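Colleague: need a 3D model of the sequence below.
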Amino acid sequence: MIYSEEKSGGLALPLIVILLAMGGILAVLVATGGRDSSTTGRVWVPQAQQQESGQ
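Modeller: Next up is the predicted model:
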């Protein structure tokens with residue numbers, strides 16, 4: 001089949017959705033990154049308990 005009209009907007013919608021998602025992710029990172037830099041990226045690791053020897 002030969003179409004004289006080109007398909008317009010077939011690639012535009014996915015690009016717009018991807019760009020909006022990337023913009024949203026960046027906005028969240030900027031919003032959460034400026035709050036308190038001392039607590040950013042901290043991971044709680046439980047300390048091993050030391051057993052006392054009864055000797």
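
Colleague: please count neighbours and contacts with C-alpha atoms only from this point.
Modeller: Will do.

Colleague: now do the helix or strand hosting Gly24, average pLDDT.
Modeller: For Gly24, the host element (DSSP states H and E) is helix 12-33. Averaging pLDDT along helix 12-33 gives 91.

Colleague: buried sites along it?
Modeller: Within helix 12-33, no residue counts as buried by 16 or more other C-alpha atoms under 10 Å.

Colleague: dump the C-alpha coordinates for it into CSV.
Modeller: C-alpha atoms of helix 12-33 as CSV (Å, rounded to 0.1, in the frame of the first residue of the first chain):
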residue,chain,number,x,y,z
ALA,A,12,5.7,12.8,18.9
LEU,A,13,3.5,11.4,21.7
PRO,A,14,6.1,8.9,23.1
LEU,A,15,8.8,11.6,23.0
ILE,A,16,6.6,14.0,24.9
VAL,A,17,5.8,11.3,27.5
ILE,A,18,9.5,10.4,27.9
LEU,A,19,10.5,14.1,28.3
LEU,A,20,7.8,14.8,30.8
ALA,A,21,8.9,11.8,32.9
MET,A,22,12.5,12.9,32.8
GLY,A,23,11.5,16.4,33.8
GLY,A,24,9.5,15.0,36.7
ILE,A,25,12.3,12.9,37.9
LEU,A,26,14.7,15.8,37.8
ALA,A,27,12.2,18.0,39.6
VAL,A,28,11.9,15.4,42.4
LEU,A,29,15.7,15.1,42.7
VAL,A,30,16.1,18.9,42.9
ALA,A,31,13.3,19.2,45.4
THR,A,32,14.6,16.5,47.7
GLY,A,33,18.3,17.2,47.3
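
Colleague: by contact count, what packs against it?
Modeller: For helix 12-33, not one helix or strand is in contact under the criterion 3 or more C-alpha pairs under 8 Å, 6 or more residues apart in numbering; DSSP states H and E.

Colleague: Gly23: what's it in contact with?
Modeller: For Gly23, no residue meets the contact criterion (C-alpha atoms under 8 Å, 6 or more residues apart in numbering).

Colleague: from Val30, how far off is it?
Modeller: 10 Å (C-alpha to C-alpha, to the nearest Å).
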